[in-house]
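[1] just coords:
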């Protein structure tokens, strides 16, 4: 029995099934990037504004545990991280733990991807995970 259970878990992991954290998210929550739009061409050499959109869920700073809230993480040129772990904090995973709903970015020339991911008070994705569509922008 233990062997078949372990095999089932392993097959789920290898199948790419994402396990989320323990913090529940509202089933109708919707996260999106309001600007820039997918395919947008951005002028190089100066910062541009990125604004975060969220429906049917609230924003709270890191460390604040309140039902149906979380804070934004902007993923740049990377895929979604493991859903059951703390979201990394590096140049590809930017944290907005003060409850920010927009930011200014400056990226080098080239093609870049942007995606938002909500995290709970401990930077762990909700269950189910709340993330935006990944968009592509071109800086030139």
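    That came through fine. Just so you know, these numbers come straight off a predicted model, no measurement behind them.
[2] Work out the gap between stretch 74-84 and the centre of the chain.
    6 Å (CA atoms, centre = their mean, to the nearest Å).
[3] pLDDT (mean, whole number) over that stretch?
    Regarding stretch 74-84, the rounded mean pLDDT is 97.
[4] Pull out the buried residues from it.
    Residues 74-76, 81, 83 are the ones in stretch 74-84 that count as buried (16 or more other CB atoms under 10 Å). For glycine as for every other residue, the C-beta is placed from the backbone atoms N, C-alpha and C.
[5] now, which of the residues you listed sits nearest residue 27?
    residue 83 (16.3 Å; CB to CB).
[6] State the distance from the residue lying closest to residue 120 once chain neighbours are set aside to residue 118.
    Distances taken as CB to CB, 6 or more residues apart in numbering put residue 23 closest to residue 120, at 3.8 Å, once the chain neighbours are dropped. As judged by CB to CB, to the nearest Å, residue 23 and residue 118 stand 10 Å apart.
[7] and if you look at residue 85?
    15 Å.
[8] More neighbours: the two, which one.
    It is residue 118, of residue 85 and residue 118, that has more neighbours when counted by other CB atoms under 10 Å, with 24 against 12.
[9] The more buried one: what's it in contact with?
    25, 29, 31, 54, 57, 70-73, 125-126, 129-131 (CB atoms under 8 Å, 6 or more residues apart in numbering).
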